[in-house]
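Undergrad: give me a model of this one.
(one chain, ligands or ions: 1)
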Amino acid sequence: MTDAIRIDPGHIVTARNLRKRYRNKLALNDAAFDIPAGRIVGLIGPNGAGKTTALKAILGLIAFDGDLSVLGRDPRTQRDDLMRDVCFIADVAVLPRWLRVREAIDFVAGVHPRFDRAKCERFLHGTQLKPNLRVREMSKGMIVQLHLALVMAIDARLLVLDEPTLGLDILYRKQFYQRLLEDYFDENKTILITTHQVEEIEHILTDVMFIRDGKVVLDSQMEVLGERFVEVLVNPDQAVHARNLGPIDERALPFGKTVMLFDGIPAAQLDGLGETRTPGLADLFVATMKGTYA
Ligand SMILES: Nc1ncnc2c1ncn2[C@@H]1O[C@H](COP(=O)(O)OP(=O)(O)OP(=O)(O)O)[C@@H](O)[C@H]1O
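TA: Predicted structure coming up:
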């Protein structure tokens, strides 16, 4: 038994001791995290880390152990109620092959009171998804585009996106993230998103969570990452001194220079070692996940 969790009313998701076992695999290993309202949170992790499992737990699609509150409800027992305020893309394969674009729109408009048809049509504008086109005539990426247009036109408090841009070309991916930020997101909405395209998404995230082996190993607002992590382009004559400060990662560059990544070392101690900058999310991810495939 776990202690009852204190749920902050400003939090959209609160998870404590979240645990999911698939036969002999622990997909979630006492994961703990909070997601406040009005954020865009990236859940980032290597293959098999537990991202999809965590999303499925939040959506009430699987059984699990531990404490989980989503919009103040327990996804295990209050799923129907929860689904009024949550929106997600279930599975790209579920659209019947005979369905036309306009029928898909009619269907969602019929079942979802918060669906905005005009908004959906705006999202489809400029794509090849014309009203009469059937799913069987679409490419993989076009099916994803249709799903995204349908889902982004629903006014939900929590939008859950699992690898939303898989199979999409880079033009559409960039446009999608921009639209998500400009046309969908506002302070009353929260977006939880998983992706492996870390560099493409980092500029729209307000928060990031790294997950590894079923545990959340880093949970931070994007704007404070730079206070904790610093990358230094270390001059060759400072390399030994810098190494003694215990960088979490180190990589060589041409001409004897080395980039070292430091976690929580005061700026004063890094002074004089070389040029400093805030690391990109991808470099931070690689450093944090070191040894994953060892
Ligand atoms: N239905 C299932 N039955 C058995 N094991 C499962 C099942 N679903 C997931 N797993 C296992 O749970 C672990 C976490 O899987 P999950 O799909 O959550 O990972 P992920 O982080 O989403 O990975 P990816 O980036 O590869 O999509 C993996 O080891 C996976 O093999």
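
Undergrad: so what's the residue count around N24?
TA: 5 (other C-beta atoms under 10 Å). For the C-beta atoms, the positions are set from N, CA and C on the backbone; glycine is no exception.

Undergrad: just D162 next, same as before
TA: 20.

Undergrad: residue numbers of this structure in contact with the ligand?
TA: The chain comes close to the ligand at residues Y22, R23, K25, A27, G45, N47, G48, A49, G50, K51, T52, T53, as judged by C-beta under 6 Å from any ligand atom.

Undergrad: against L171, how distant is the first one?
TA: By that I understand Y22. Per C-beta to C-beta, to the nearest Å, Y22 is found 37 Å from L171.

Undergrad: with the last one instead?
TA: Remark: distance between T53 and L171 (C-beta to C-beta) = 31 Å.

Undergrad: out of these two, which sits in the busier spot?
TA: Neighbours per residue, other C-beta under 10 Å: of T53 and L171, the larger number sits with T53, 23 against 8.

Undergrad: one step back: list buried residues within the residues of the chain next to the ligand.
TA: A27, G45, A49, G50, K51, T52, T53 (16 or more other C-beta atoms under 10 Å).

Undergrad: which ones among those residues are found in helices?
TA: Residues of those located in helices (DSSP state H): K51, T52, T53.

Undergrad: now stretch 272-290: mean pLDDT?
TA: Averaged across stretch 272-290, pLDDT comes to 91.

Undergrad: that one: how far from the chain's middle?
TA: Taking the mean C-alpha point of stretch 272-290 and that of its whole chain, the gap between them comes to 20 Å (C-alpha atoms, centre = their mean, to the nearest Å).

Undergrad: buried residues in it, which are they?
TA: L273, G274, P279, L281, D283, L284, F285, V286, A287, T288, M289.
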